[in-house]
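Undergrad: please work out how this folds:
(2 chains)
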Amino acid sequence: MARRGLKRTLRKYWVFYLMMLPVIVQLFLNNYLPMFGIIVAFKDYNLTDGFFGSPWNGFKNFEYLFKTRDALVITRNTILYNLSFVVLNLVFPIIFALMLNELRHRFLAKVHQTFLFLPYFLSPIVLSYIVYAFLGEFGFVNYTILPLFDMEKIAFYFETKWWPVILPLINTWKNLAYYVVIYMAAMLGIDDEYYEAATIDGAGRWRQTVSITLPLLVPVMVVMSLLQIGRVMFADFGLFYMVPRDSGMLFEVTNVIDTYVYRTFLVFGDIGLSSAAGFYQAIVGFVLVLAANWIVRRINKENALF
Amino acid sequence: MASQAAEEKGRFANRNLVSGKVQFLLHAFFALYSLACIMPIALIVAVSFSTEEDILRSGYKFFPENFSLDAYKFLFIDWFAIVRAYGVQLFVIVVGTVLSVLMMAMYAYPISRLDFPHRRFFSFFAIFTMLFNGGLIPWYIVYVNLLHLKDSIWALIMPFLAQAFWILVMRTFFQNSIPPAVLESARIDGAGEFTAFLRIAMPLSKPVLASVALFQTLLYWNDFFLPMVFIVSQEKMTVQYMMYKALQNIQFIAQNPTIAAEITRSGGQIKLPSETVRMAMGVMGIGPVVLAYPFFQRYFVKGLTIGAVKG
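TA: Take a look at the predicted model:
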């Protein structure tokens, strides 16, 4: 019975399977095969023996990885930076969205929004150019700003202490427009009746913002933040690799799991360490994404992935 | 149109916006912030039009002390390298965007159809790729050892062809904006499923297709990771990758055979104006996006908001 049902389905919808075939093949090659390939972390991989021929070596790669200080540094950097991004991507976009929403002049509001969007379109390479133009040896900061305060030149690409400020700043500048658009869309969805009633009750604009707009935005804020927290183990490779210009002196504060995996593999050729770090990221990341999705689902089914 | 304007006016009246003085302050704030968005780009442009001596003496400035095209002249000694990088980039963008939008639409359409029994399974097949991924090494092994795409231009296109996120966005759009009755009447007229998809579903979905196409274009234009991982030969470099090389090590430009020959021939007359050439290279890569995005911004905003409703 079931088989006949399947047969009928296949006959009726064979065009659909054919249409889906290219993406099925692509996802299989690009995503599913590497998922199985993750077991390479338990192997002593070498090129001559290849994927299947290389001998197993149990948890050796993980032992090596967690014996290094790098494991601690990259975990700390990845999580702390990402958490700071979650907070910054909440506070500033909300403030900007509230302010943009107050503007009465439609055309000027559009103009502001267009400028706001510019950084969002820039590639990590362009970001690295911009940061270099300001912080480089001949940069604007060293030649124009610091002399104003009678300060010595700073070798930004060699001193770690500046980067925990610079990276969140750049990230916020770049991504502001994205979150502003999301929060403004949510504000448009708020029913006018609330504001009408509040106006009749004599509530001013500030009061309305605090008592109506912000509380009604809370679900969106929670969902947007949770989605980011779910991905707290995955760093923006471009930001952390390109913007500090891969400067070895800065690794203590710029090395994240993604840059570590890339460097140990493609620069130093240590497949064992790299694949162990990749495995660690994938598994912890998977658990966190599932957890975040589970909570999002309980708040608003519409926003959950599944 | 008129009623919409009236509605808008009504909305603003109800919302009892803040007073004129505050309006002015808000506009002033946003004007300043707009400057903060545009000035960094202006700095790069200004340096690219400066003389190297000025930069070495007084640093990067927003206004060139002496206007100069030296950096561009130097960069264009080997103009072919630049044109070729743009060519590679353009090829990757056009082929990648067209292929990916088509492929994703063809996948999203069946799973949007409520009468398709396997739609849940295939939705999850896509969604799972957003939850779990094998990481860099197994992925690299697949592309290099299995597909043999090392140093191939396809390695710059293939990895971005299917994005689960946009498949879901398209699925939701198809579900909400293609009336099943229209598809039903097409079927009665004898149209096959694929014809219905091509003639009815696709034209009705232009907005979402445009948004996804723009995001894919931006993804392909901004990418540096794939050439960094896969590309070895000079002639397959993209614009972003050349920019990366130039910032990382400016000697990269002087090592270019055509430019090196020119330097030798001049007997040391031509020197590499490293800081300004670097920024000229930056301008080459920034220009197209900065000039184009104001026209397409609308579709990006649309794409972001439909994406956020159902991600």
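
Undergrad: the closest residue to chain B within the stretch 201-306 of chain A: how many residues sit nearby?
TA: Nearest to chain B, among the residues of the stretch 201-306 of chain A, is A:Gly278, at 3.2 Å (C-beta to the nearest C-beta). (C-beta placed from N, C-alpha, C; glycine too.) Neighbourhood size, A:Gly278 [other C-beta atoms under 10 Å in any protein chain shown]: 30.

Undergrad: skip the chain neighbours and tell me the closest residue to it.
TA: The spatial neighbour of A:Gly278 that comes closest, neighbours along the chain excluded (C-beta to C-beta, 6 or more residues apart in numbering or on different chains), is B:Gly135 at 3.2 Å.

Undergrad: please name the nearest non-neighbouring residue to B:Thr129.
TA: Nearest residue to B:Thr129 in three dimensions, chain neighbours excluded: A:Asn31, at 4.1 Å (C-beta to C-beta, 6+ apart).

Undergrad: so when I look at the one you found, I'm seeing a helix, right?
TA: Yes - counting by DSSP: H, G, I helix; E, B strand; the rest coil, A:Asn31 is part of a helix.

Undergrad: go ahead and confirm the residue nearest to A:Gly278 touches A:Ala276.
TA: No - under the criterion of C-beta atoms under 8 Å, B:Gly135 makes no contact with A:Ala276, lying 10.2 Å away.

Undergrad: spit out the residues that contact those two alike.
TA: Residues touching both B:Gly135 and A:Ala276 (C-beta atoms under 8 Å, 6 or more residues apart in numbering or on different chains): none.

Undergrad: measure the residue nearest to B:Thr129 to B:Phe224 for me?
TA: Computed with C-beta to C-beta, to the nearest Å, the distance linking A:Asn31 and B:Phe224 is 21 Å.

Undergrad: neighbour count winner among the two?
TA: Per other C-beta under 10 Å, whichever of A:Asn31 and B:Phe224 has more neighbours is B:Phe224, with 25 against 22.

Undergrad: is the residue nearest to B:Thr129 in contact with B:Asn133, as I believe?
TA: Yes - the pair A:Asn31 / B:Asn133 is scored as a contact, 6.3 Å apart, by C-beta under 8 Å.

Undergrad: residues contacting A:Glu137?
TA: Per C-beta under 8 Å, 6+ apart, neighbours of A:Glu137: A:Ala155.

Undergrad: secondary structure class for it?
TA: coil.

Undergrad: now the helix or strand harbouring B:Thr264: buried residues?
TA: Here B:Thr264 sits within helix B:257-265, counting by DSSP states H and E. Applying a neighbour-count criterion of 16 or more other C-beta atoms under 10 Å in any protein chain shown, the buried positions in helix B:257-265 are B:Ile259, B:Glu262, B:Ile263.

Undergrad: grab the nearest non-local neighbour of the second one.
TA: Which is B:Glu262. Residue nearest to B:Glu262 in three dimensions, not counting chain neighbours: B:Ile77, with 5.0 Å by C-beta to C-beta, 6+ apart.

Undergrad: report how many residues lie close to that neighbour.
TA: Applying other C-beta under 10 Å, we find 17 residues neighbouring B:Ile77.

Undergrad: repeat for B:Gln240
TA: Using other C-beta under 10 Å, B:Gln240 has 25 other residues around it.

Undergrad: the helix or strand where A:Ala276 lies: which residues count as buried?
TA: Using DSSP H and E, A:Ala276 maps to helix A:271-299. Residues of helix A:271-299 classed as buried: A:271-282, A:285, A:288-289, A:292-293, A:296 (neighbour count, 16+ other C-beta under 10 Å).

Undergrad: now do stretch A:215-231
TA: In stretch A:215-231, counting by 16+ other C-beta under 10 Å, buried: A:217, A:220-231.

Undergrad: show me what contacts residue 304?
TA: All of this is about chain A. Listed by C-beta under 8 Å, 6+ apart, the contact set of A:Ala304 reads A:Asn293, A:Val296, A:Arg297.

Undergrad: not quite, I wanted chain B
TA: By C-beta under 8 Å, 6+ apart, the contact list for B:Leu304 reads A:Tyr178, A:Val181, A:Ile182.

Undergrad: how about residues contacting stretch B:33-46?
TA: Residues from elsewhere that reach stretch B:33-46 (C-beta under 8 Å, 6+ apart): A:111-112, A:115-116, A:118-119, A:129-130, A:133-134, A:140, A:173, B:60-64, B:279, B:282-283, B:286, B:290.

Undergrad: of the residues you listed, grab the buried ones for ChimeraX.
TA: Typed into ChimeraX, the next command selects the buried ones out of the contacts of stretch B:33-46 (criterion: 16+ other C-beta under 10 Å):
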select /A:111,112,115,116,118,119,129,130,133,134,140,173 /B:60,61,64,279,282,283,286,290
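
Undergrad: and the longest helix seen in chain A, which residues are buried?
TA: Criterion DSSP state H: the longest helix present in chain A is helix A:69-102. Neighbour-count burial for helix A:69-102, counted by 16+ other C-beta under 10 Å, picks out A:70-71, A:73-75, A:77-79, A:81-82, A:85-86, A:88-90, A:92-94, A:96-101.

Undergrad: which of these are close to chain B?
TA: Among the buried residues of helix A:69-102, proximity to chain B is found for A:Met99, A:Leu100 (C-beta under 8 Å from any C-beta of the partner chain).

Undergrad: got the CA positions of stretch B:64-81 in CSV?
TA: What follows is stretch B:64-81, C-alpha atoms only, in CSV (Å, rounded to 0.1, in the frame of the first residue of the first chain):
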residue,chain,number,x,y,z
PRO,B,64,45.2,66.2,-1.1
GLU,B,65,47.8,68.9,-0.7
ASN,B,66,48.8,68.4,-4.3
PHE,B,67,46.4,66.7,-6.7
SER,B,68,48.1,63.8,-8.5
LEU,B,69,47.2,60.9,-10.7
ASP,B,70,50.6,59.1,-10.1
ALA,B,71,49.1,56.3,-8.2
TYR,B,72,46.6,55.5,-10.9
LYS,B,73,49.2,55.9,-13.7
PHE,B,74,51.4,53.4,-11.8
LEU,B,75,48.6,51.0,-11.3
PHE,B,76,47.6,51.2,-15.0
ILE,B,77,51.1,50.3,-16.3
ASP,B,78,49.6,46.8,-16.2
TRP,B,79,46.0,47.8,-17.0
PHE,B,80,45.4,44.4,-18.3
ALA,B,81,45.8,42.8,-14.9
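
Undergrad: tell me the buried residues in that stretch?
TA: B:Pro64, B:Ser68, B:Asp70, B:Ala71, B:Tyr72, B:Phe74, B:Leu75, B:Ile77, B:Asp78, B:Ala81.

Undergrad: can you put these in TSV and add pLDDT?
TA: Formatted as TSV, the buried residues of stretch B:64-81 follow (pLDDT from 0 to 100):
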residue	pLDDT
B:Pro64	85
B:Ser68	86
B:Asp70	84
B:Ala71	84
B:Tyr72	87
B:Phe74	83
B:Leu75	83
B:Ile77	81
B:Asp78	81
B:Ala81	86
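
Undergrad: before we move on, the earlier item: quick check: mean pLDDT of the helix holding A:Ala276?
TA: Helix A:271-299 shows an average pLDDT of 91 in the prediction.

Undergrad: got the angle for it vs helix A:69-102?
TA: 40 degrees (axes from the mean of the first three to the mean of the last three C-alpha atoms, to 10 degrees).

Undergrad: now do helix A:271-299: distance to the chain's middle.
TA: Relative to the mean C-alpha coordinate of its chain, helix A:271-299 is positioned 14 Å out (C-alpha atoms, centre = their mean, to the nearest Å).

Undergrad: list the helices and strands it packs on?
TA: With contacts taken as 3 or more C-beta pairs under 8 Å, 6 or more residues apart in numbering or on different chains; DSSP states H and E, helix A:271-299 sits against helix A:60-67, helix A:214-230, helix A:257-262, helix B:119-131, helix B:136-141.
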